[in-house]
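[1] need coordinates for the below:
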Amino acid sequence: MAARGGPSAYARSVLRIIDARTGKPVDAAPARRGLTRIEAHTEGFDVTALRILLVADLLVRALELGGTPVWALLDEERQQAELRAGAAALGIRPFEDGQDAASGLGEAQVLHVVREGGAEPDGVRVAVAPVHAEAPPEEADPAALRLVLLSRPRSEPVRLDRAALADAHDTLVRWRGAVASWAQRPSRPIPDEVRAELRTAWEDDLDVPGVLRVLRWVETAPDLPDGARFETYAYADRLLGLDLTRDLGTLA
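    Below you'll find the predicted structure:
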């Protein structure tokens, strides 16, 4: 069973993001056809740096779902190996080396993803609040860690502790099992209002917690066919990157 929908049906949708310089929303995609360059400024390697890379990854995914071509760069000279390994474990797609940014590709928009109170490059800045780690992140299930980081608005600090990781793990187990079960039912389209709620959330300053709230509602919504639940989760996971369809075919 394949997810329905794609960028063509929503090519005119516009992702709006808050520019940390002005506190005002700006279009993440260029007004005229062209690509958006996303630069992640991590300033070293820690859990907050991984959150910065995750926000950059979400921007790439959201823009691509809206039909905008994207060029993603890592602007960091230190601990690149650790950053790239940590990003790969979290399901973050690879970044090109920021040293190549000078070559340019004729892009019409540049977004800088930075630490809150950190680097201040010229251009639109997307600020990311810190992660306060009270549990060793290297011991966490990477997917659970990703879900914990997704569960708070990027402007709010994240408290990373064992309870939060355990809750995220349990949610992923439940959702993956449900998706595998729903996949055995006849396919049904995503209801228009549900698709609109998802798009409205992630195009409003990348409100990923809002996307997660929609999924929680869909999980138990009365009178919604299981086939539509499956399609909704598979579609939303194109943004979330939680591998929610991982357990397909494992049920007897």
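[2] so what's V26 bridging to?
    Beta-bridge partners of V26, counted by DSSP bridges, are I17.
[3] buried ones in the helix or strand hosting R199?
    In this assignment (DSSP states H and E), R199 forms part of helix 192-203. By neighbour count on 16 or more other C-beta atoms under 10 Å, the buried set for helix 192-203 is V194, R195, E197, L198, R199, A201, W202, E203. Every C-beta, even on glycine, is put in place using the N, C-alpha and C of the backbone.
[4] packing partners for that helix?
    With contacts taken as 3 or more C-beta pairs under 8 Å, 6 or more residues apart in numbering; DSSP states H and E, helix 192-203 sits against helix 47-65, helix 208-220, helix 226-240.
[5] helix or strand for the residue nearest to L59 when sequence neighbours are not counted, just tell me which one.
    Take L59 and drop its neighbours on the chain: the residue closest to it by C-beta to C-beta, 6 or more residues apart in numbering is I38, 5.3 Å away. Using DSSP H and E, I38 falls within strand 36-40.
[6] partner strands of that strand, parallel or antiparallel?
    Here, using DSSP bridges, strand 36-40 pairs with strand 70-74 (parallel), strand 109-115 (parallel).
[7] got the contact list for the residue most central in space within the chain?
    The centroid of the chain falls nearest to L58 when counting by C-alpha atoms, centre = their mean (3.0 Å). Taking C-beta atoms under 8 Å, 6 or more residues apart in numbering as the contact definition, L58 lies against L150, W202, L206, V208, L239.
[8] pLDDT score assigned to it?
    Predicted confidence (pLDDT) for L58: 97.
[9] could you give me the average pLDDT of stretch 126-136?
    Taken as a whole, stretch 126-136 carries a mean pLDDT of 91.
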